[in-house]
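Asks: Fold the following.
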Amino acid sequence: MYNYRDLQLWEVSMKLYLDIHKASRSFPSFEQYELAKHLRKTALSIPSNISEGAGRKSTKEFIRHLDIAHGSLSEFETQLEAAHLLGYLQDHSEYIKTISHIRSMLVGLMRSLRNKLKESDKA
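Replies: The predicted model follows:
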């Protein structure tokens, strides 16, 4: 239905995944199968849900997957905060800015798609 590769939202969330994947490699070895793994998995679920939703047949399904991505973003933010509090990420301010940017784009796209649905229901 939509080409996810054309979405800046997908690009930014993929970059977030790549950045946290690289950063989490320096976590202690005992965290590689715990917090580091969860951070990588949660970060990857954000662009994955965006692309899956874009490939669905209906706008409603796309919105549903964007909502799931939004939930994953919040989960990732919590895991990121834990990594910071444990001292594994000294400066996480750039991640927080990126999360805020992704959140804004997600909310904006969902709003736009919902308005599109309302308009098509009126027609």
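Asks: Would you map the helices across this structure?
Replies: Assigned helices in the chain, in chain order: 8-24, 35-54, 59-85, 93-122 (criterion: DSSP state H).
Asks: which stretch among the ones you listed comes nearest residue 2?
Replies: Residue 2 sits nearest to helix 35-54 of all the helices of the chain, at 4.0 Å, using CB to CB. For every residue, glycine as well, the C-beta is placed using N, CA and C.
Asks: picking up where we left off before, among the helices of the chain, show me which one is buried the most.
Replies: helix 35-54 (a mean of 21; mean count of other CB atoms under 10 Å).
Asks: And the contacts of that one?
Replies: Contact with helix 35-54 is made by 1-4, 7, 9-10, 13-14, 16-17, 20-21, 24-25, 27, 61-66, 68-69, 72-73, 75-76, 79-80, 82-83, 86, 88, 102, as judged by CB atoms under 8 Å, 6 or more residues apart in numbering.
Asks: repeat that for 6 Å
Replies: 2, 4, 10, 13-14, 16-17, 20-21, 24, 27, 62, 65-66, 68-69, 72-73, 75-76, 79, 83 (CB atoms under 6 Å, 6 or more residues apart in numbering).
Asks: okay, the helices of the chain in a markdown table with mean pLDDT next?
Replies: Formatted as a markdown table, the helices of the chain follow (pLDDT from 0 to 100):
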| stretch | mean pLDDT |
| --- | --- |
| helix 8-24 | 98 |
| helix 35-54 | 98 |
| helix 59-85 | 97 |
| helix 93-122 | 95 |
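Asks: tell me, what residue is most central in the chain?
Replies: Centroid check for the chain by CA atoms, centre = their mean gives residue 46 as the closest residue, at 3.0 Å.
Asks: which ones are touching residue 16?
Replies: Contacts of residue 16 (CB under 6 Å, 6+ apart): 43, 98.
Asks: ok, now how distant is it from residue 88?
Replies: To residue 88, residue 16 is 17 Å away according to CB to CB, to the nearest Å.
Asks: what pLDDT does residue 2 get?
Replies: Note for residue 2: predicted pLDDT of 83.
Asks: who touches stretch 109-123?
Replies: With contact meaning CB under 6 Å, 6+ apart, stretch 109-123 is reached by 59, 63, 66.
Asks: need the contact list for the first one.
Replies: In other words, residue 59. Applying CB under 6 Å, 6+ apart to residue 59 gives the contacts 113, 117.
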